[in-house]
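K.L.:
Sequence first, predicted model second:
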Amino acid sequence: MPDVGLPPQRRRGISNQLGALVALCSLAACHTDNPSPGDALPSVPGSDAGATVLGSDAAASPAGSDATVAGDGASSLLSPDNFPATFANAVCDSMAVCCKQAGLVLSSCRPTLQSVVAAWITKNTSDPKVTFDQDAAARCIEVTQAGFTACTDRDLAQQSGGACTQMARGTVALGDSCTDSRQCAPVSGGTATCADSVCTAGPPPPTIDGPHATLGAHCDGTCRPTNCSWSGSNPLPALCWTDDGVYCSVIGICVATPAVGEPCVVYCGKDAHCADNGLCAPNLTTGPCQTNDDCLSQAYCYRPNSAVSGQCTLLKENGIVCTSAKECASGQCLSGTCRPWSMANDYVCAGVIF
């Protein structure tokens with residue numbers, strides 16, 4: 001079954017619920033086993049995703065860099081050739097201000113962005129069955145610029161990922177032959193993937209704000225605060241949420257989750273988990289765990305060296321030493337310290353956001 005991870009910040013904010021990371025996979029930190037129409041863009045700026053700094057301070061904007069996205073019909077000015085420079089010119093100033101607010105210095109922004117964005121476009125639109133979507137490119141610039149201008153707005157950061165990913169748009173209709181999922185044209189309200197050499201409709205990643213199936217209703221799968229599992233056969237799956245006190249049974253009906261102390265196989269109700277002894281146990285801020293779902297929202301499952309089992313550990317406040325964003329209550333670890341969440345991080349302020 002597909003397993004879609006919702007970002008820690010959404011888990012804490014609504015299960016309490018993408019950062020997903022939200023939000024879901026885009027510039028957001030998120031995991032999915034569902035094939036995607038193209039290579040994913042990087043994590044939301046400020047997440048733990050790594051990057052390699054490219055370029056130098058010496059590059060000049062190529063011809064076409066004067067194209068803008070303001071005004072009616074402006075997206076028609078964008079092309080794979082001029083988009084990298086246009087993107088860099090549009091966002092670098094707001095990136096510099098955002099980096100300064102985070103106590104970081106922006107370096108090599110325009111040449112580095114142009115190099116990395118151009119490489120992404122070449123990789124994702126080189127297939128003749130994949131086209132460069134000018135409207136999505138215009139939205140990518142607009143929302144990314146807005147995100148860096150706001151600097152600390154996670155929702156805007158997540159929106160930029162969706163728009164930027166859609167710049168590479170497949171042209172193969174459902175039912176037609178394909179060799180790669182990125183060749184499949186977008187599907188309204190769902191996804192399209194290449195299965196058995198044919199473009200096939202699939203379900204969209206669920207969100208915590210999506211429809212929640214109720215007790216006794218038909219269902220296709222179950223969602224916990226940080227992940228969902230479902231059959232994948234329904235393009236618009238009906239999902240039971242354990243935080244609502246229901247899970248999807250083997251016969252496809254939402255049934256009540258067992259309470260603390262009652263026998264369980266996988267699922268338990270809100271703020272509880274199925275322990276190794278086969279009984280539902282309360283989530284804790286300190287105690288044994290295997291996933292973050294075993295801990296209360298103000299804690300995370302600390303598993304050194306990816307051990308099978310770990311310990312629920314309280315999230316760290318700003319200013320405390322960290323090695324990962326998941327350790328921080330803010331959802332961001334900058335330069336080894338929990339910091340207030342921001343679009344800026346060490347990679348971004350080196351000019352690397354793609």
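P.N.:
Received it, and whenever you're ready, just let me know what you need.
K.L.:
how much space between N227 and V97?
P.N.:
36 Å (Cβ to Cβ, to the nearest Å). Using the backbone N, CA and C atoms, a C-beta is placed for each residue, glycine as well.
K.L.:
Look at the two and report which has more neighbours.
P.N.:
Legend: neighbour count by other Cβ atoms under 10 Å for N227 and V97, higher for N227 (21 against 13).
K.L.:
what about the helix ranked longest in the chain, distance to the chain center?
P.N.:
Counting by DSSP state H, the longest helix found in the chain is helix 83-101. Here helix 83-101 is found 21 Å from its chain centre; the criterion is Cα atoms, centre = their mean, to the nearest Å.
K.L.:
For that helix, give me every contacting residue.
P.N.:
With contact meaning Cβ atoms under 8 Å, 6 or more residues apart in numbering, helix 83-101 is reached by 61-62, 64-65, 67-69, 78, 105-106, 109-111, 113-115, 117-118, 121, 132, 137, 140-141, 144-145, 148-149, 151-152, 167, 342-344, 348-349, 351, 353.
K.L.:
Buried only: go through the residues you listed for me.
P.N.:
Applying 16 or more other Cβ atoms under 10 Å to the contacts of helix 83-101, the neighbour count classes 61, 65, 67, 69, 78, 106, 109-111, 113-115, 117-118, 121, 132, 137, 140-141, 144-145, 148-149, 151-152, 167, 342-344, 348-349, 351, 353 as buried.
K.L.:
Among the residues you listed, which are located in helices?
P.N.:
When DSSP H defines the helices, the subset of the buried ones among the contacts of helix 83-101 inside them is 109-111, 113-115, 117-118, 121, 137, 140-141, 144-145, 148-149.
K.L.:
The closest residue in space to Y247 that isn't next to it in sequence: neighbour count?
P.N.:
Spatial nearest neighbour of Y247, excluding adjacent residues (Cβ to Cβ, 6 or more residues apart in numbering): Y267 at 4.0 Å. Using other Cβ under 10 Å, Y267 is surrounded by 21 other residues.
K.L.:
try the one 4 residues further on
P.N.:
D271: 18 surrounding residues under other Cβ under 10 Å.
K.L.:
Skipping adjacent residues, who's closest to it in space?
P.N.:
Closest residue to D271 apart from its sequence neighbours, by Cβ to Cβ, 6+ apart: N283 at 4.8 Å.
K.L.:
What does that neighbour show for phi and psi?
P.N.:
Dihedral angles of N283 (phi, psi; degrees, to the nearest 10) stand at phi -70, psi 150.
K.L.:
Lovely, talk soon.
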